[in-house]
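>>> Prediction below, plus the sequence it came from.
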Amino acid sequence: MPRKIVLLSGSVASGKTTLVERLRTEFEDVYLLKTKDTIRELAAKTLRRELEAERRAMQEFGDRLDRETKGQWVREALRKEVSRLAASKPQAEPQAVFIVDAVRIPLQIKAIREAYGYIVIHIHLRTSLELQDFGNSVRFRRSHETKRKPEYRSSNV
């Protein structure tokens, strides 16, 4: 059983990635589960093709997974990562801090809390629209995209 599981949620450009980077500098044995990577993997298995490289396609497939599994797909992905660590580095697993970037709905949080109990911490990040716009403009300059992406739904748990 890991030492801690940190669930992150929040809108685009709210600071989730920055928090992950900070937690990695503060703690040893930090492991990251990115739900967007899990969505891509599950889509490739289910659809037998890759999702389009846009936020909307990711959100729609994530919504589908939530409907079909009642949000439990994130818990299952986390269980696989914890098991993988226990098999490859048994001495590291009890000291591990797992970060899930990001949960989107209360059912995802509930499923993980039911499986892991009090070691689960949920952090929901909020930011002002001005800072979101700034973060999005930085991303815009980096990626040269021409339209703003829609936000993930926030989780209130």
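Sure thing, it's come through. Residues are numbered from 1 along each chain as shown.

>>> Next SSE downstream of the lengthiest helix in the chain?
Looking across the chain with DSSP state H, the single longest helix is helix 72-88. The C-terminal neighbour of helix 72-88 among helices and strands, as given by DSSP states H and E, is strand 97-101.

>>> Tell me which other helices or strands that following strand touches.
strand 4-10, helix 16-26, strand 30-34, helix 72-88 (3 or more C-beta pairs under 8 Å, 6 or more residues apart in numbering; DSSP states H and E). In this view, the C-beta of every residue, glycine as well, is placed from N, C-alpha and C.

>>> These: lowest mean pLDDT?
Mean pLDDT values for the helices and strands packed on strand 97-101 show the minimum at helix 16-26, a mean of 92.

>>> quick one: buried residues of that helix?
The neighbour-count check on helix 16-26 (16 or more other C-beta atoms under 10 Å) flags 16, 19-20, 23 as buried.

>>> Would you mind saying which of the helices and strands packed on strand 97-101 lies nearest Leu42?
Across the helices and strands packed on strand 97-101, Leu42 has its closest neighbour in helix 72-88 (6.8 Å, C-beta to C-beta).

>>> and that closest one with strand 4-10, angle?
140 degrees (axes from the mean of the first three to the mean of the last three C-alpha atoms, to 10 degrees).

>>> So which elements touch helix 72-88?
Packed against helix 72-88 by the contact rule (3+ C-beta pairs under 8 Å, 6+ apart) you find strand 30-34, helix 35-47, helix 55-69, strand 97-101, helix 106-116.

>>> looking at those, which is buried most?
strand 97-101 (a mean of 22; mean count of other C-beta atoms under 10 Å).
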